[in-house]
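[1] Starting from these lines, generate the structure:
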Amino acid sequence: MARIYSFVGFFILTQSFVFSNNDTCKFFIDLNKFQDQKLEVVFSLPEIKSDTIVYRLPTTVPGTYEILNFGRFVSEFKAINKDGSLFKVDSIDVNSWRISNAKRLDKIVYMVEDTWHSKKQGVIFEPAGTNIEPQKNIVLNTFGFVGYIDGLKSLPIALSVNHSKFFFGSTAMTDLNASDTSDVFITPDYIRLADSPIMYCEPDTSILHIGSAEVLVSVYSQNKKVSSHFISEKIEEILNAQKNYLGGELPIKKYAFIIYLFAGNSNSGSTGALEHSYSSFYYLEEISPDDIVQNIRDVAAHEFFHIVTPLGIHSREIGNFDYANPQMSEHLWLYEGVTEYFAGNVQVRNKIISNEKYLNIIKGKLENAERYNDTLPFTTMSKFCLDKYKDEYANVYEKGALIGMCLDVKLLSCTNGKYALNQLMMDLFKKYGPDKSFSDDELIDTIVKMTCPSLKDFFEKYINGPQPLPIEEVLAEVGINYEPRKKVFVTKVLGGAQLGFDPDKEKFFIYELTSSAKKIGFKVNDELVLINKTPPLLSNVSALIKNERDLSIPSIDINVVIFRKNIFGKKKERMLSYSATGEIQEQKFLSLNNNCSDAQMRLRNAWLGKN
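    This next block holds a predicted model:
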């Protein structure tokens, strides 16, 4: 177990703020009292001056970009008078309850079901959900438990949590209670509380000092395969790289990585993370430490960059988020696209990954973006990503990142390599900051005024407009050859057999056969040991089972070592050797231009970092 460090929070609170009885919304949750994967929430109301109130849980929350309806996990909703009697409650919709005679109301009490294990339709992605595993782990994404009264969202909130003495609550907030079995968190309003997840479990925490910022790393690993100390060591390099990328200092003083590593299958079928202003929550598969390293680096790099946007650069739709009737901003290319672009570019600039690997990342995004509607203006998709264009939303991580790349190169080009997108983002952060929102229709003009007049045409054509991004033109400016339709031989090394993965043994096995795989000699449940002398790992298996090569090499020799059970149930080692040709396919191809001009080389060095 790692040592537990005190984690100083973000809010400087006066005594009157902490102890005020009339204007503070007080919530209480006892983690020791649970039933049927549910926890009770008790809300002691502030002074109510209206006859009727409406209490709500969120329809959705920032960063999720889909309708979630947290109210559907609430049951036994009761409004209690000061004398202990019950008020009549009217359910307005799945997330809202109307209570009359509210001036006499003392408290609201209800039960909340765990979303991770719920059988309800409409599964919630785990990083945005709630988890109740008694004596093991409890995840309080606060917006899943705590609601707000219409018109009073800006009131301060006090959240009290009772828990086992063996539990520690990892969060970016400050625990104001010295007790080892009770925590008290105070936030200035509902938005700040909803932005602050808490994970309770047996503590495994570490602290990193990145510049002048203090970063908490908290890990729950179901089978204790991975520790916070190990992850801290592995992400420290990327966090320092991000600090340098943002000008040598981070725009925050405290941050928390809250990481849940699961074994088996997830309810949603997905893994990933959800960003918050001062923390990020991760739900990832518990695999071997060596295999999980790059996965955590990539995800952490993306989520950590959200300290820039939307924390310090956001529109009014995000700055004053409407949890009941959410309105989306037009600028997802900025919030998610640029953030995803930075997550890769920071690694190549700081030589954490090679130029060639980075070009493969760009290639992957170019290929993935083809799944979506390339003539749909990105601002239009962003504005209607919750409904009309929800199937197009995931393109923010593909074309959105490519928009970021193009903007970066265009900025470098028009400033002779002296001003890049990361510098623009920090200048925008200084202009707006966490407490100032911009209007959607002003952002592009603001960027153009701050940078280059020529960018106006780029925004109008490729972000506001329907034209495909000028990828070949942009990459040529930084000395990168781009062939959108290069012919290559592609061979399915295992004959197209589908693989399964056993996380306990950390081994791949043949899950389903094709006719080609049968002809080679594979059988279901064959365990893969070596493919052409290389052990298959999560980090390399995709490249091992799909060989891509130049047309001058029509066939390749393949040797696969497997373990196969005999009739007595004992594993025997076998080798399958064969020659495979494959088929000709057209693919995208990127490479460094070794004969580029001095101007191209200067821009490439500014974009990728000097070799």
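[2] after the lengthiest helix in the chain, next one along is what?
    Looking across the chain with DSSP state H, the single longest helix is helix 228-245. Where DSSP states H and E defines the elements, the next helix or strand beyond helix 228-245 is strand 254-262.
[3] how about the CA coordinates for the helix or strand following that next one, as PDB?
    Next in sequence after strand 254-262, counting helices and strands by DSSP H and E, comes strand 272-275. Extracted in PDB, the C-alpha atoms of strand 272-275 (Å, rounded to 0.1, in the frame of the first residue of the first chain):
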ATOM      1  CA  GLY A 272     -11.800   5.000 -21.200                       C
ATOM      2  CA  ALA A 273     -12.000   8.100 -19.100                       C
ATOM      3  CA  LEU A 274     -14.000  11.300 -18.300                       C
ATOM      4  CA  GLU A 275     -12.300  14.600 -17.900                       C
END
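[4] got the contact list for strand 272-275?
    Residues from elsewhere that reach strand 272-275, judged by Cβ atoms under 8 Å, 6 or more residues apart in numbering: 63-64, 125, 127-128, 141, 197, 280-284, 299-300, 302-303, 306. Every C-beta, even on glycine, is put in place using the N, C-alpha and C of the backbone.
[5] Stretch 595-606: how far from the chain's middle?
    34 Å (Cα atoms, centre = their mean, to the nearest Å).
[6] Next, the buried residues of that stretch.
    Under the neighbour-count criterion of 16 or more other Cβ atoms under 10 Å, stretch 595-606 has 596, 600, 602-604, 606 buried.
[7] cool, stretch 510-519 as well?
    For stretch 510-519, the neighbour count (16+ other Cβ under 10 Å) marks 510, 513, 517 as buried.
[8] one step back: helices and strands around the longest helix of the chain, which ones?
    strand 205-210, strand 213-221, strand 254-262, helix 289-304, helix 339-349 (3 or more Cβ pairs under 8 Å, 6 or more residues apart in numbering; DSSP states H and E).
[9] The third one: partners in the sheet, and parallel or antiparallel?
    On the basis of DSSP bridges, the sheet neighbours of strand 254-262 come out as strand 213-221 (parallel), strand 279-285 (parallel).
[10] Report the residue ranges of every domain in the protein.
    15-201, 205-307, 316-479, 487-588 (automatic domain parsing).
[11] Name the residue closest to the centre of this protein, please.
    For the chain, the residue sitting closest to the mean C-alpha position, by Cα atoms, centre = their mean, is A273 at 3.3 Å.
[12] Which strand residues bridge the closest residue to that one other than its chain neighbours?
    Nearest in space to A273, with sequence neighbours left out and distances taken as Cβ to Cβ, 6 or more residues apart in numbering, is Y282 at 4.4 Å. Assessed by DSSP bridges, Y282 has beta-bridge partners I259, A273.
[13] Burial check on K486, number of neighbours?
    Look at K486: counted by other Cβ atoms under 10 Å, it has 16 neighbours.
[14] And it, which helix or strand is it part of?
    K486 is located in strand 480-492, with elements delineated by DSSP H and E.
[15] now C596, what's its secondary structure?
    Three-state call for C596 (DSSP: H, G, I helix; E, B strand; the rest coil): coil.
[16] likewise T60?
    coil.
[17] shouldn't R549 be in contact with F489?
    Yes - counting by Cβ atoms under 8 Å, F489 is a contact partner of R549 at 5.2 Å.
[18] Compare those two and say which is more crowded by neighbours.
    F489 (20 against 14).
[19] Bridged to that one, which residues?
    The residues that F489 bridges to, once DSSP bridges is applied, are R549, I584.
[20] wait, it sits on S552?
    No - under the criterion of Cβ under 8 Å, F489 makes no contact with S552, lying 9.0 Å away.
[21] Tell me which of the domains of the chain sits nearest to K610.
    The closest of those to K610 is domain 316-479. By Cβ to Cβ, the value is 9.3 Å.
[22] what's the first-to-last distance across that closest one?
    Start-to-end span of domain 316-479 (Cα to Cα, to the nearest Å) is 39 Å.
[23] So what's the residue count around the nearest residue to V529 once chain neighbours are set aside?
    Nearest non-adjacent residue to V529, counting by Cβ to Cβ, 6+ apart: V561, 4.2 Å away. Residues lying near V561 (other Cβ under 10 Å) number 17.
[24] Over to D180?
    For D180, using other Cβ under 10 Å, the count is 12.
[25] Could you report the pLDDT at it?
    Per-residue pLDDT puts D180 at 94.
[26] Next up, the contacts around it.
    Contacts of D180 by Cβ under 8 Å, 6+ apart are K165.
[27] Check what pLDDT A300 gets.
    pLDDT for A300: 89.
[28] what do you get for N566?
    pLDDT recorded at N566 is 87.
[29] Next one: the closest residue to it other than its chain neighbours from V529, what distance?
    Leaving out its chain neighbours, the residue that sits closest to N566 by Cβ to Cβ, 6+ apart is K572, at 5.4 Å. Distance check for K572 against V529: by Cβ to Cβ, to the nearest Å, it reads 11 Å.
[30] Please apply the same query to K410.
    K410 sits at a distance of 49 Å from V529 (criterion: Cβ to Cβ).
[31] Looking at those two, which is more packed in?
    Ranked by neighbour count (other Cβ under 10 Å), K410 and V529 place K410 first, with 20 against 17.
[32] quick one: H117 and Q37 touch, right?
    Yes - in this structure H117 lies within contact range of Q37 using Cβ under 8 Å: 5.6 Å.
[33] For these two, list the residues in contact with both.
    Listed as contacting both H117 and Q37 by Cβ under 8 Å, 6+ apart are I132.
[34] Looking at the two, which is more packed in?
    The neighbour comparison of H117 against Q37 (other Cβ under 10 Å) goes to Q37, with 19 against 13.
[35] So what does that one look like in phi/psi?
    Dihedral angles of Q37 (phi, psi; degrees, to the nearest 10) stand at phi 60, psi 30.
[36] Also G319?
    Main-chain dihedrals, G319, degrees, to the nearest 10: phi -60, psi -30.
[37] I'd say it and S437 touch.
    Yes - in this structure, G319 is within contact of S437 by Cβ under 8 Å, at 3.3 Å.
[38] Spit out the contact partners of Q35.
    Contacts of Q35 by Cβ under 8 Å, 6+ apart are M111.
[39] now it, which residues is it bridged with?
    Bridge pairing for Q35 (DSSP bridges) gives the partners K38.
[40] Number the chain from 34, please
    Done: numbering now begins at 34, and the last item shifts to Q68.
[41] how close does it get to R105?
    Here the criterion is Cβ to Cβ. By it, Q68 lies 18 Å from R105.
[42] Now do the same contact list for S630.
    The contact partners of S630, by Cβ under 8 Å, 6+ apart, come to G512.
[43] Which per-residue confidence value corresponds to it?
    Confidence at S630, expressed as pLDDT, is 96.
[44] go on, the one 3 residues further on?
    Confidence per residue is given as pLDDT, and for Q633 that number is 97.
[45] Next one: the residue nearest to A306 relative to T207, how far apart?
    Here the criterion is Cβ to Cβ. By it, Y315 lies 22 Å from T207.
[46] Settle it for me: which of these two has more neighbours?
    Remark: of Y315 and T207, Y315 carries more neighbours, 23 against 20, as counted by other Cβ under 10 Å.
[47] The more buried one: what's it in contact with?
    Taking Cβ under 8 Å, 6+ apart, one finds 160, 290-293, 305-306, 329, 332-333, 336 in contact with Y315.
[48] Give me the distance between it and A161.
    Distance, Y315 to A161, using Cβ to Cβ: 12 Å.
[49] Now for those two: what residues contact both?
    Common contact partners of Y315 and A161 (Cβ under 8 Å, 6+ apart): none.
[50] Let me know the helix or strand that L226 is in.
    With DSSP H and E as the test, L226 turns up in helix 223-227.
[51] And for L101?
    For L101, there is no helix or strand it lies in under DSSP H and E.
[52] That one is in contact with L90, isn't it?
    No - L101 is beyond contact range of L90, at 9.6 Å (criterion: Cβ under 8 Å).
[53] These two - which one has more neighbours?
    More crowded of L101 and L90, by other Cβ under 10 Å: L90, with 26 against 23.
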